[in-house]
Structure formats: structure tokens, C-alpha cells
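Q: Please find the sequence and the predicted model below.
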Amino acid sequence: MKKLFAEFFGTYWLVFGGCGSALFAAGIPDLGIGFAGVALAFGLTVLTMAYAVGHISGGHFNPAVSFGLWAGGRFSAKELIPYIVAQCIGAIAAAGTLYTIAAGKAGFAIDNTQAGAFASNGFGAFSPDGYSLQACFIAEFVLTLFFLLVILGATDKFANGKFAGIAIGLALTLIHLISIPITNTSVNPARSLSQALFVGGEPLGQVWLFWVAPILGAIAAGFIYKLLLQNHNEV
């Protein structure tokens, strides 16, 4: 249960910090943090929780990461469902907290006809810069693949594990710097689901892509690392 609580709190912090920065801080005139600030916020959430609770649960905070670690031989299949449930509950709880805070401002309303509403992900008309379904699928697949390669490499027994959290956090920052204009950046199905549930409408209808593409990319990375990159003397 400690592992599941660690995944709950880690994923909660990722969604609260990352999506919260997008909702509350990105667009403030003159002082807003913009895309770069949101990207850094997502990276910092993972970096901080990797050191806070990563030693308890492995610090996945993301269903795609759990699948990728399973494919790479680092995670048991029997733990996949409990981890994913804990991650999704943590993400939804964080989105609920964000909604409650946002509703405290006069005039707050979620317009689910607009791209990026409530920090949601989307493609086509719901992509921040109008990218197609195919383009968004490729972006999410490739970015998650490389995210998992970083995770698998940084946490390899032959790597300097003390710096793994930094490498992983910076990788997530870079991923957001690349893809916020494309999909509003997912690479995390739990993060996508939590926001879409509060937005509803077409963003909720599109959330399937932000499960399928990241999970497939993560699984591909797991097999690539295990078969092509891993030092087999360590097994």
C-alpha cells in the first residue's frame, strides 16, 4: 500500500504543479511564466517527487512509465493495474483541487470548445496550434519513447543513480518545450484523463489518443532498451 500511496501523491503533485502552472500562472500579463515556465513546472514536479517518494514506489507517476518499465523487464505485470489505478486517482484528485481553486475566481468557466481548455490535451481543432491526429499521435509516441529511454538509462544499475531524478525531470521539461504547441503535451495518460474528465465534450472524446500513443511509445522503448542498449551482463 505504501507504493500505491507514493504513486497517488506523486501523480497528484505532477498534475497539480504542472497543470496548475498552466491554469494559474502561464498567462498573467507581464508576469506570466508562459510555455517555458509550464514546461519547467512539469519537470520540477517529477524531479521533486522522484527524490521524495521514488525510493518507495520507483517514482512512475504515469501509466505509460509503468508499461515501459514492464516492457523493459524492470516492473512486474501483476503490479500494473494497481499502479495505474493509484496514478489515475491521484491525477483526478489533483484536477478536482485545481477546479475548486479556479472556481474561486469570478467568471470562471470551462469552454470545452477551445483547445487546451483546463489544460486538456487534443488534436485537430483541439491542438493548441492545429496539428492533425496523425501528427499528434507521432509526437506523443516518439516523445514518450525517448522519455522512457532516459528513465531506463538513468536508472540502470550501471548509471549514477543519484542524478536519475535530475535527468528524468529535465527530459520531461524538454518534452514540454517541444510539444505544448502540438498536443498541450501529455506523455502521461493519467494527466490527460484527469483534465478531460472536468472538460468533457470533444477533449474527453479525444483522450483515447493520449492513452494509446504514450503507452505504445513506452512499450517500444522498453523493448528497445532491453534488446539493444542494456548491458546483458547485468541480468
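A: It's in. Numbering: from 1, shown residues only.
Q: Find the nearest non-adjacent residue to Leu149, please.
A: When the adjacent residues along the chain are set aside, Leu149 lies closest to Ala221, with 5.1 Å between them (Cβ to Cβ, 6 or more residues apart in numbering). Glycine gets a C-beta too; all of them are placed from N, C-alpha and C.
Q: Quick check, Phe75 in contact with Ser57.
A: No: taking contact to mean Cβ atoms under 8 Å, the distance of 10.5 Å between Phe75 and Ser57 leaves them out of contact.
Q: which ones are touching the residue nearest to Leu149?
A: Each residue near Ala221 by Cβ atoms under 8 Å, 6 or more residues apart in numbering is listed here: Gly68, Ala71, Gly72, Thr144, Leu145, Phe146, Phe147, Leu148, Leu149, Leu152.
Q: picking up where we left off before, neighbour count: Phe75 and Ser57, which is higher?
A: The residue with more neighbours, out of Phe75 and Ser57, is Ser57; 23 against 19, by other Cβ atoms under 10 Å.
Q: Give me the distance between the residue nearest to Leu149 and Gln87.
A: Applying Cβ to Cβ, to the nearest Å, the value for Ala221 to Gln87 is 18 Å.
Q: How about Asp30?
A: Taken as Cβ to Cβ, the span from Asp30 to Gln87 is 36 Å.
Q: Would you check that my belief about Val207 contacting Leu193 is correct?
A: Yes: assessed by Cβ under 8 Å, Val207 is found in contact with Leu193 at 5.8 Å.
Q: Filter the contacts of Ala221 down to the buried ones.
A: Buried by 16 or more other Cβ atoms under 10 Å: Gly68, Ala71, Gly72, Thr144, Leu145, Phe146, Phe147, Leu148, Leu149, Leu152, out of the contacts of Ala221.
Q: want to try JSON lines for the residues you listed, with secondary structure and distance to Gln230 as columns?
A: Formatted as JSON lines, the entries for these read as follows, by DSSP: H, G, I helix; E, B strand; the rest coil; distance: Cβ to Cβ, whole Å:
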{"residue": "Gly68", "secondary structure": "helix", "distance to Gln230": "13"}
{"residue": "Ala71", "secondary structure": "helix", "distance to Gln230": "12"}
{"residue": "Gly72", "secondary structure": "coil", "distance to Gln230": "8"}
{"residue": "Thr144", "secondary structure": "helix", "distance to Gln230": "19"}
{"residue": "Leu145", "secondary structure": "helix", "distance to Gln230": "16"}
{"residue": "Phe146", "secondary structure": "helix", "distance to Gln230": "16"}
{"residue": "Phe147", "secondary structure": "helix", "distance to Gln230": "17"}
{"residue": "Leu148", "secondary structure": "helix", "distance to Gln230": "13"}
{"residue": "Leu149", "secondary structure": "helix", "distance to Gln230": "11"}
{"residue": "Leu152", "secondary structure": "helix", "distance to Gln230": "8"}
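Q: Out of those residues, the closest to Ala125 would be?
A: Minimum separation from Ala125 among these (Cβ to Cβ) is found for Thr144, which lies at 23.2 Å.
Q: now the closest one, nearest residue through space, not along the chain?
A: With Cβ to Cβ, 6+ apart, the residue lying closest to Thr144 is Gly217, at 3.5 Å.
Q: Quick one: the strands in the chain, in order.
A: Taking DSSP state E as the criterion, the chain carries no strands.
Q: and the spatially most central residue of it, what does it touch?
A: With distances taken as Cα atoms, centre = their mean, the chain has Asn188 as the residue nearest its mean C-alpha position (3.3 Å). Asn188 sits next to Leu14, Phe61, Asn62, Pro63, Ala64, Val65, Pro214 when contact means Cβ under 8 Å, 6+ apart.
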